[in-house]
Each structure stands twice: as C-alpha cells, then as structure tokens.
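> mind looking at a prediction? Sequence and model below.
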Number of protein chains: 2
Amino acid sequence: MDKIVSLCRRRGFVFPSSEIYGGLGSGYDYGHYGVLLKNTIRQRWLEAMVQERDDVVVLDSAIILHPQVWEASGHVGGFTDPLVDCRACKLRFRADQLEQSQCGKKPSKRPGEHSECDLTEPRQFNLMFETTIGPVQETGAKVYLRPETAQGIFINFKNVLQIARRKPPFGIANVGGKSFRNEITPGNFLFRMREFEQMEMEFFVPPTEADRWYRHWIDERVGWYLRYGLRESRLRVREHASEELSHYSSATSDLEYLYPIGWSELEGVANRGDYDLRAHTEASGTKLEYVDPAGERYTPHVIEPAVSIERIFLAFMIDAYDEEVVGERERTVLRLHPQIAPVKAAVLPLIGKDEGMVTRARALYEELRADFMVEYDDNGAIGRRYRRQDEIGTPFAFTIDEQTVEDDTVTIRDRDSLAQERVALQQVRGYLGDAIRRPWKSPKAA
Amino acid sequence: MDKIVSLCRRRGFVFPSSEIYGGLGSGYDYGHYGVLLKNTIRQRWLEAMVQERDDVVVLDSAIILHPQVWEASGHVGGFTDPLVDCRACKLRFRADQLEQSQCGKKPSKRPGEHSECDLTEPRQFNLMFETTIGPVQETGAKVYLRPETAQGIFINFKNVLQIARRKPPFGIANVGGKSFRNEITPGNFLFRMREFEQMEMEFFVPPTEADRWYRHWIDERVGWYLRYGLRESRLRVREHASEELSHYSSATSDLEYLYPIGWSELEGVANRGDYDLRAHTEASGTKLEYVDPAGERYTPHVIEPAVSIERIFLAFMIDAYDEEVVGERERTVLRLHPQIAPVKAAVLPLIGKDEGMVTRARALYEELRADFMVEYDDNGAIGRRYRRQDEIGTPFAFTIDEQTVEDDTVTIRDRDSLAQERVALQQVRGYLGDAIRRPWKSPKAA
C-alpha cells in the first residue's frame, strides 16, 4: 500500500487534503490524474449500467434531502457505531474494533491491549453528519448529509415509473456527487473516507424474480471488473451469512478484492426485498408500488449493486502497479486497461528542439486531443519520458523521429509489451480509437 | 420560465426534491435526461478548459476542508447576508431585498410593503453550512461545507506547481461535486439553489500579465457559449463598477444571459489579484509563490472564470426551447447543440411489430450505443415518437422502414430542419460521429 500512496502523491493522483493547514484526518484531494481516473471509472460504469442497457435510467438526487427520508429509512434510529471512551487515556474507540485500536496512554503497547485504559460502557453514535438549513440554529431545520444515495432513488421511484414509462424489471442508477459518513476510524488511504462518491443502482423486479436478478447482478458486476482487466485471482464473491445481513436485506454478496489489507469489500450486491419502498410508502403516504396492465398491484423487490469510486480506484491502482527491470533500468508501470487509463496516449518528438519533429508532433497532438485525453512532452531524454508515461499508465506513446520527417510515419510504443511498430501519421487517430476498444488483459493476470 | 419548469418535470429532466415528503424548499433532483445534460455540459467544459489546452490541469478537492481554510479566505468573517426579523409577522427577510419580499401578516399586499411589519435592525448571517466531524457535538470539530471550490484550488497551488511541473501562466480547474450555500431566498428554479455544482478555474499568471489574461478569459468563455449555440443576442458582458467589486477582486465581468427573470449572471470572470495566495501564505505559513529559474520570486495573480452547471443548464434549456406548428401539428422542440443534447440519436422501426424492421433497428441501436447515448423506441405512431425526441432535444432520428429491409438504407431525420435523407445502414455510425462534431447554429439565432 505504501508504494501506491507514494506513487499517488508523487505523480499527483491524490494529495492529503488541507495539507498546508496540517491536514484533515483521512481527507484527500484528487490531482489531475486522479480526477481523470475517477472520470474514466465513472464513465465505464455509466456505459455498462445505463448506456448499453435498455432497462436502467439515471438519477442524481440532492445531498440534503428532507429529514423524514432518513427517519423512514431507519438511518436516524439505527445508522450507528458503538463507541467507548477511555477515562484514563481520553481517547474514543469503536467498541467492536478494540482489538485493532491503540491505547493513548501507552501507545507503545500492541493494538488491542487496553489494560491501562478505563473504558466506559459502549454508546451508540450516529454516523450521519448533521447541519441546519436556515439562517440560525435556533430556527433552522436540522437536516443530514446523505450517508448513501440509495434513498434518493427510492423516493423518486414513482416519478421515474410514470415519466420514464417503465415497468419492472427496471433500474435507477444514482451517479453524481458524494455521500458522507462521520466515521470514527477512517483510514487505509482511500478505503474508508468520510466523504466518498457512491455509484449505486436499484433494480426493481417482480417479487418472484428477485433471486434470479440477484444472481444476475452479481455476475454482471464480476464481469465488469474482469472486462476492465482486474485479475481474476484477486477477486472473489463472498455471500454473507444470515447473521451478517443488514435488517433490510434477505441476501447480500460482497465482491471482495485482495487489497494489501487482505480480502475486503470492493462492492456489495444486496437483495433489499421490498423493505425500502414499503418504509417510504408508510412514512410518506405515497404508494410506491407497481400496477400492471391487468390491474394487479405489487411492491417491487429491489436488487442493489453498490460501490464507491474510491474502492474501485484503489483496486485498479493496486492491481495495475508493477515494477520490472527492462534492460538495465528499473521501471514502475501502471498496467491499467486502456479504457481506464487517465491518459490514452503521449505524443513525443524524439528531439525536443528539432523544429521539424516538434511541428509534426504538435499537429498530431492537437488532432488527437479533440477526441482523447493525450499529453505532449518534449522535455528530457526519450527514455525518461517513456517512464513518466509508464508510471501514470499511459497505454500508447507516439514518437516522432527523423523518419517521420521523411515519410510521415510514427513509432507506436506499447506500454506493456514495449513492442514498437510504425504507422502512418494520418492513421494514428483511427489506430488509437481502435486500440483503446480492443479487449485487454493484464500480462500479470496469469 | 413556467414552460421550462413544466417540460423539465414532464420529461424527467428535473424533479422537486423529496417530493413525497412535501419537498425541501428549492431543492431539486435530476432525472435521466437532466443527468445526461449535466454530463454533456461538464464534459464540454472539461474539453475546452483542460483537454484541449496545454496549460490547465484538473483537481477535485474535498467538500469538507480544514476550517482554517475558510478563516483565511475571509468566509468565516465575511460571507454573510444581512437579515431582519419581523416581530409582528415572525418572518425573516434579507435586508437588502426587502422590496421583493412579502409581509407574512398581510400576504395580500404587494411585495415591498412592510408597513404592518415591525422589523429588527439588520444582522449578518453567515451563508456557510456548519457540521461537526467526530462522534458528538461537544467533542467534535466544527467544520463547513465548502461554499465554493476556489479555495480548494488555492490550498493545492504548491502541490500542483511542484508535481505537475508547471510555471505561470497555468491554470487549475476544479470539477467534481457540489458547493453549498445556506441561502435565505433560493428560487427561480435552478437559478439559485442551496447545493449546486461549480466549475471554477483559477489561472495563475505573472502580475504584469493579469489584465491581458483577464480579457483573454472573458473572450474564451463567451466563445464557449457561442460554440455551443447560445444565441449571441441573449448574451452580454457586463463589467462591474468599482463599488460592486468583491474585496478580493480588482476587476470582475459577468457574462449575463437574458433569463426570463431578466439579464442575470450566468458566469463571472474575476481578476482576484494575489489576494488568495497571500491570505493562505499568511495563515498557513507555507509560501504560495513562484520562484523562476533566475531565482526571482513572486506571488502570481489569479484570473477566475467561475460558473455553476445549473445556470448553464438553465440558459441552454431556455435558449433551446421552441414551439412551432409543422403542417397541422404543434411541436415543442429543444434546439440544443448536438454536443450538448442528452441523447444523440433515436433508432425507430417504422412499424414496431414488423420483425424485419425491429431486428435491423435493434442491431443498429446496439451498434450505436457502444459509442453514443442513443434511444430505441418502437412504441406508438412514428409522428408521436418523433415529437417525443424533439421535446428532449435529440438531434437525429434513424428510421428503419420497408426500404431498409430491401436495400439496407435508413432515413435520417434532422430535428431542426425536419429534412430527411437516406444513408446506408453501415454508414450510420460514422455519419452520427461526424454530424455531432459539425459546427451548429440555432435556426432561431438570427
């Protein structure tokens, strides 16, 4: 993990947030490549979940919803962690994670040794951030920052049913913006953060079809990760035992990835039954149900694949990270799927001061950037420029050299195989478009 | 404006938020087409501001930053509205907008008549939402939801300078996620909201070049709106008089659009001077300056084009909205630039039950959706299907008819001119790609 954090920092994927003010525990800002990587992840998710399907529409609900939403959903009452305070060392711990926590009085002790501590009984603390709408706290309305996007979907179920002329099975995907959880112990870099970007989809089905669709969505989501090159050996599906299940769920499977901290949840697929639509029907008085053309009514059941961009980001980065020795030189390379890579290609004049090369390189760069995120770099030795691109995962480099000036061909360098081939300048744009779309597998996958 | 609100609701661009719970004043959720429209706006902005330039990188900073950020920036002290309370009618008004506000005791009176009211002296109320990090309010840290993204850029200035190997003039664009303002009087649909998505770019320049770049960015941003088809007659640049300027700004121009509420700010371009970098240098102790290769140091000046997606969304919708009579029928049509339109094309089998047509239409649809947001619709009379697409601004429709089954050609219908031409099925994908990229001007622009 240290190598990933270091690369992210060094190349400007991710910075500790508010660093010049000493940071704000486990908050992060995304730099240039980090934003581009998040954008490609979001875009690929949207393509697979919405654009390439007939049966899913998209939604972007507000972050601050009516507070009754969170009462109906059970979050006001039950979205809590058990905490204990220590009267001696003055720290606060999660009661269910004491074995991983460190005593503040004797920080030299191993985690879990709280013999010096004088712990209170556990109390429940709600994880929702509160704020106030209106000018002053006395007269304003207490509201919450959403801890998940799912509820924004449920409360819009009827709107979408009517307006998008939908009938079950159909889904509503919520993309756009963050969810917030007042975590006591955020950490492990991007793995657990106080603000994070969810991508959730609620798929509404006739009750009798729930199990079939639950299986379908587990397979679909596993397929998505493999399509974008995640190593199969580091991905597994773990079905929750019945005692692990949330109160709203009749079945849940975690897609787990082998993070450096061990097998951990990457994405969850849950069968939420009719819990949510019923809860909001009861609380709001609005019937959230489907009436079929024969007049029969039912409350659809809901299958939910839910993930955060941050966990995908982290899994892709870890999976892609590689170091190898090429010739006599070491290189660090991010073997990201070309569709996931933040930059698709680099355009490099072999000699940065050669006018003929530079002119042609600039022209190619300007042609390509109308369609693709590409970089131009004429600074330094060509080997160093290649390695800069390897480190950020750029799958292709187009090098303009003496021969280009003579015959209008360029060298294409492949990030993974290091193979080089020559292509006519005027074919580069088409080549790049095709190359990005080709199925790709990590050379490390075997 | 009513027609826009009605269309947005009817076709699922925008819903009142938390509607089943009675709504949450001036909050909105975006439905399918609304999300797609926001995505195209964001994408076009990113292309113009980052992808197609050499000198701008992108950033996505956290929503909850260290609270000192907002002290240094002046927001804790000065980001306020003056409010008065009425002891008689118990309402609260903006002291600077009394002439537009309505007495609560005699709501029948005209706005501005507060003769029944017993108003307090104005008090200053801060517009930042507050919340608490940590498990309980007593021990947690008071933090703010960012009221703008600009400060997230300034505090990362040094990171980007070092890591992205930049030197002035260069810019940092912040896209991704919302800003929050506890507005007392949100309203006018999407025009003024409590949560909104900003797109801001801070362009750092040598002090002597500030004025030149300020002019440059005004022109650039005007050009962007015209490139995407906004009518020139409804767009103007208004330079702030000196008494209007914010404390941090030496010059500001509003790009104003002729909204139904009159000429109002669409986007602002400000010359912020060195105010922000100096303020954060002083507060943090970290020197936010540029040292040139000759060893000379200076604090760059900053030019800021700042806009919210919501105001662009609203301007594009208003500008595109049109009603006309075609033959004997009325149609509502959104004349959106093809690059802005949420759906790029519809694929329509002329007869929804004809197997030959449906097979070919589905095949075309599935080919196109790998690259474009497209819709398939076989439901109802063809005229009605065209009008459904007109209403959401789909620029092209591909109709599969008897002739298609015979000769593998399809009809292309142009949303604006209603011209129809025939093209070979296998050329449709290329046709669509080219057609979207063609320069486009609203037929209403003249």
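Arrived safely, thanks for sending. Here the structure is a predicted model, which means the values were calculated and not measured.

> please identify the buried residues of whichever strand or helix holds residue A:212?
Assigned by DSSP states H and E, residue A:212 belongs to helix A:210-227. Of the residues in helix A:210-227, A:210, A:213-214, A:216-218, A:220-222, A:224-225 count as buried by neighbour count, 16 or more other C-beta atoms under 10 Å in any protein chain shown. Bear in mind the C-beta positions are built from the backbone N, C-alpha and C, glycine included.

> got it, and stretch A:303-312?
Under the neighbour-count criterion of 16+ other C-beta under 10 Å, stretch A:303-312 has A:303-312 buried.

> sort out for me which of those residues are in helices.
Among the buried residues of stretch A:303-312, the members falling in helices (DSSP state H) are A:309-312.

> can you give me phi and psi for the nearest residue to residue A:29 once chain neighbours are set aside?
Spatially, and ignoring its direct neighbours in sequence, residue A:29 is nearest to residue B:61 (4.2 Å; C-beta to C-beta, 6 or more residues apart in numbering or on different chains). Per-residue torsions, residue B:61: phi -90, psi 160 (degrees, to the nearest 10).

> assess the claim that residue B:61 and residue B:150 are in contact.
No. Checked against C-beta atoms under 8 Å, the pair residue B:61 and residue B:150 is beyond contact range at 9.7 Å.

> the two: who's more crowded?
More crowded of residue B:61 and residue B:150, by other C-beta atoms under 10 Å in any protein chain shown: residue B:61, with 27 against 24.

> all helices for the stretch 101-250 of chain A, in order.
For the stretch 101-250 of chain A, the helices defined by DSSP state H, counting those that start in this stretch occupy A:150-154, A:157-163, A:210-227.

> could you tell me the least trusted of those helices?
When the helices of the stretch 101-250 of chain A are compared on mean pLDDT, helix A:157-163 scores lowest, with a mean of 93.

> list the buried residues in stretch A:8-27.
Buried-residue list, stretch A:8-27, by 16+ other C-beta under 10 Å: A:8, A:11-21, A:24-27.

> again, but for stretch A:88-106
Using 16+ other C-beta under 10 Å as the test for burial, stretch A:88-106 gives A:89, A:91-95, A:98, A:101-105.

> repeat that for stretch A:342-362.
Applying a neighbour-count criterion of 16+ other C-beta under 10 Å, the buried positions in stretch A:342-362 are A:342-350, A:352, A:354, A:357-358, A:360-362.

> the helix holding residue A:212 near chain B at all?
No. Shown here: helix A:210-227 not in contact with chain B (C-beta under 8 Å from any C-beta of the partner chain), separated by at least 12.8 Å.

> state whether residue A:346 is indeed within a helix.
No. Looking at residue A:346 with DSSP: H, G, I helix; E, B strand; the rest coil, it is strand, so not inside a helix.

> got the residues of the stretch 151-300 of chain A near chain B?
A:152, A:155-156, A:158-160, A:163-165, A:175-178, A:180, A:182, A:184, A:194-195, A:197, A:280, A:283-286, A:288.

> please redo it, this time with the cut-off set to 6 Å
Contact residues (C-beta under 6 Å from any C-beta of the partner chain) of the stretch 151-300 of chain A with chain B: A:155-156, A:159, A:163-164, A:177-178, A:184, A:195, A:284, A:286.

> of those residues, grab the buried ones for PyMOL.
Listed next is the PyMOL selection for buried residues among those, using 16+ other C-beta under 10 Å:
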select buried, chain A and resi 155+156+159+163+164+177+178+184+195+284
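
> what is the nearest of the residues of the stretch 151-300 of chain A next to chain B to residue A:68?
The nearest member of those to residue A:68, counting by C-beta to C-beta, is residue A:284 at 7.5 Å.

> out of the buried residues of stretch A:88-106, name the ones that lie in strands.
A:92-94 (DSSP state E).

> would you turn these into a markdown table with distance to chain B?
Listed next are these as a markdown table, based on distance: C-beta to the nearest C-beta, whole Å:
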| residue | distance to chain B |
| --- | --- |
| A:92 | 7 |
| A:93 | 11 |
| A:94 | 10 |
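
> with respect to residue A:142, which of the residues you listed is nearest?
Within these, the smallest distance to residue A:142 is 23.2 Å, found for residue A:92 (C-beta to C-beta).

> tell me what the closest one is bridged to.
Beta-bridge pairing for residue A:92 (DSSP bridges): residue A:85.

> tell me, what residue is most central in chain A?
The residue lying closest to the centre of chain A (C-alpha atoms, centre = their mean) is residue A:309, at 1.2 Å.

> just checking, it touches residue A:40?
No. Here residue A:309 does not reach residue A:40: they are 10.4 Å apart, not a contact under C-beta atoms under 6 Å.

> got the contact list for the lowest-mean-pLDDT helix or strand in chain A?
The weakest-scoring helix or strand in chain A, judged by mean pLDDT, DSSP states H and E, is strand A:92-94 (a mean of 82). Under the contact criterion C-beta atoms under 6 Å, 6 or more residues apart in numbering or on different chains, strand A:92-94 has outside partners A:81, A:83-85, A:101, A:184-185.

> max pairwise distance over these: which two?
Greatest spatial distance in the contacts of strand A:92-94: A:85 and A:185, 14.4 Å, computed using C-beta to C-beta.

> compare those two (neighbour count), which wins?
More neighbours surround residue A:85 than the other of residue A:85 and residue A:185, with 20 against 15 (other C-beta under 10 Å).

> how near is residue A:147 to residue A:65?
11 Å (C-beta to C-beta, to the nearest Å).

> if we can go back for a sec, nearest to residue B:126 among the ones in strands among the buried residues of stretch A:88-106?
Nearest member of those to residue B:126, counting by C-beta to C-beta, is residue A:92, at 29.2 Å.

> quick revisit: may I see the buried residues of stretch A:88-106 arranged in a markdown table, with distance to residue B:249 as well?
Putting the buried residues of stretch A:88-106 into a markdown table (distance: C-beta to C-beta, whole Å) gives the following:
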| residue | distance to residue B:249 |
| --- | --- |
| A:89 | 49 |
| A:91 | 45 |
| A:92 | 44 |
| A:93 | 48 |
| A:94 | 47 |
| A:95 | 51 |
| A:98 | 53 |
| A:101 | 48 |
| A:102 | 48 |
| A:103 | 52 |
| A:104 | 47 |
| A:105 | 51 |
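
> least confident pick among these?
residue A:104 (75).

> contacting residues around it?
A:89, A:91 are the contacts of residue A:104 under C-beta under 6 Å, 6+ apart.

> residue contacts, residue A:126?
A:79-80.

> residue A:358: what secondary structure?
For residue A:358, the assignment made with three-state DSSP gives helix.

> hmm, residue A:348 and it touching each other?
No. Taking contacts as C-beta under 6 Å, residue A:358 lies outside contact range of residue A:348: 10.5 Å.

> for the closest residue to residue A:380 other than its chain neighbours, which three-state class applies?
The shortest distance from residue A:380 to any non-neighbouring residue, by C-beta to C-beta, 6+ apart, is to residue A:352 (7.7 Å). Taking three-state DSSP as the rule, one finds residue A:352 in the coil state.
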